[in-house]
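Visitor: Got a predicted structure here, sequence first:
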Amino acid sequence: MTISERPLVLILCTGNSCRSHLAEGILRAAAGDVLNVQSAGSKPAGYVHPLAIQVMAEIGIDISQHRSKHLEEFVDSRVETVITVCGNADQVCPVFPGQVNRHHWGFDDPAHAQGSPEEVLGVFRRVRDEIRRTFEAYAAGRKDARRANHPSIPQSDFH
């Protein structure tokens, strides 16, 4: 299935610098070729937080090439699902044409963590792990639903 044929899942956060990129990287890795996963923000920070890149590398997911994007980049896209990962993005989230699903799963913002460098890194790891549990379960559910709806597709096609 080409990327343009996959359902588009858009993960939103205010700054699109941390939580949404953690979720995008994890969901993209967990969903394989089943979903087109993107992230954006209502007020993009213009960068991906270096500690987000670091903690994702620790679990073997490279988000170093991600960029901070405004949600308006996707207004004309055929968005199937919007998932907000912070309360502010949930409140300002527009309705996308054709959008059929919307979820809000809020997570602490590790970019606002305070303390020693090791304590801050610990917050990034904790939030990453919380996002990982949630989004890996979501990916598994999407794969199960696809298998149920397409029993003729070989198991190997569900990466």
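Guide: Happy to help now that I have it. Numbers count the residues shown, from 1 in each chain.
Visitor: Give me the below-cutoff pLDDT ranges for this protein.
Guide: Applying pLDDT under 70 to the chain picks out residues 1-3, 88-99, 150-159.
Visitor: quick one: the helices in it?
Guide: For the chain, the helices defined by DSSP state H cover 19-31, 50-58, 87-92, 117-149.
Visitor: chain center to the second one: distance?
Guide: Right, the one you point to is helix 50-58. Offset of helix 50-58 from its chain centre (C-alpha atoms, centre = their mean, to the nearest Å): 15 Å.
Visitor: Mind giving me the packing neighbours of it?
Guide: helix 19-31, helix 117-149 (3 or more C-beta pairs under 8 Å, 6 or more residues apart in numbering; DSSP states H and E). Using the backbone N, CA and C atoms, a C-beta is placed for each residue, glycine as well.
Visitor: picking up where we left off before, just put the helices of the chain in JSON lines and tack on mean neighbour count.
Guide: Putting those into JSON lines (neighbours: other C-beta atoms under 10 Å) gives the following:
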{"stretch": "helix 19-31", "mean neighbour count": "26"}
{"stretch": "helix 50-58", "mean neighbour count": "18"}
{"stretch": "helix 87-92", "mean neighbour count": "17"}
{"stretch": "helix 117-149", "mean neighbour count": "16"}
